[in-house]
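J.: generate a structure from the sequence data that follows.
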Amino acid sequence: VHLVESGGGLVQAGGSLRLSCAFSGSTFSITAMGWYRQSPGKQRELVARITTNGGSTDYADSVKGRFTISRDMAKNTVDLQMNSLKPEDTAVYYCHAGRRNSRGNWTYRTWGQGTQVTVSS
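T.: As a prediction, this is how the structure comes out:
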């Protein structure tokens, strides 16, 4: 599976951005897609995730109520709508696709190249 992100940029605090991830390749075994982010000196963290079967979502506590993840399997895209952005949202955002087994362990993971989001105060 190949992932390509777009939509990052510079925005003032309180503003909005929409990230889009276009994916290609064989996705029949992918169980979840989502967005992670990483800022300097910190570990990569989950922002939002959506299952490919049923569309269940999962959000980091820090973005609940502000960010919304959505998927369009016909268009092969996964988007992240980010509202009420804060300076602490500044990071490189990575699109992610993966497959989990019945124990919840990732057996396959792939990442996009990342897109920079900068929120100024």
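J.: can we go C-alpha only for contacts and neighbour counts from here?
T.: OK.
J.: how much space between the residue sitting nearest the centre point of the chain and Gly7?
T.: Per Cα atoms, centre = their mean, the C-alpha nearest to the average position across the chain is that of Trp35, at 1.5 Å. The gap separating Trp35 from Gly7 is 13 Å, by Cα to Cα, to the nearest Å.
J.: can you give me the offset of stretch 92-101 from its chain's centre?
T.: Put simply, stretch 92-101 sits 8 Å off its chain's centre (Cα atoms, centre = their mean, to the nearest Å).
J.: what is the longest strand along the chain packed up against?
T.: If each strand of the chain is counted by residues according to DSSP state E, the longest one is strand 91-100. Here strand 91-100 touches strand 2-6, strand 32-38, strand 106-111, strand 115-120, going by 3 or more Cα pairs under 8 Å, 6 or more residues apart in numbering; DSSP states H and E.
J.: closest to Ala13 out of the ones you listed?
T.: Taking Cα to Cα, strand 115-120 is the member of the helices and strands packed on strand 91-100 nearest to Ala13, at 5.7 Å.
J.: can you list contacts of that closest one?
T.: Here strand 115-120 makes contact (Cα atoms under 8 Å, 6 or more residues apart in numbering) with 5-13, 85-94.
J.: compute the inter-axis angle for that strand and strand 2-6.
T.: If you take axes from the mean of the first three to the mean of the last three Cα atoms, to 10 degrees, strand 115-120 sits at 30 degrees to strand 2-6.
J.: so what are the sheet partners of strand 115-120 and their directions?
T.: Applying DSSP bridges to the sheet, strand 115-120 is found paired with strand 9-12 (parallel), strand 91-100 (antiparallel).
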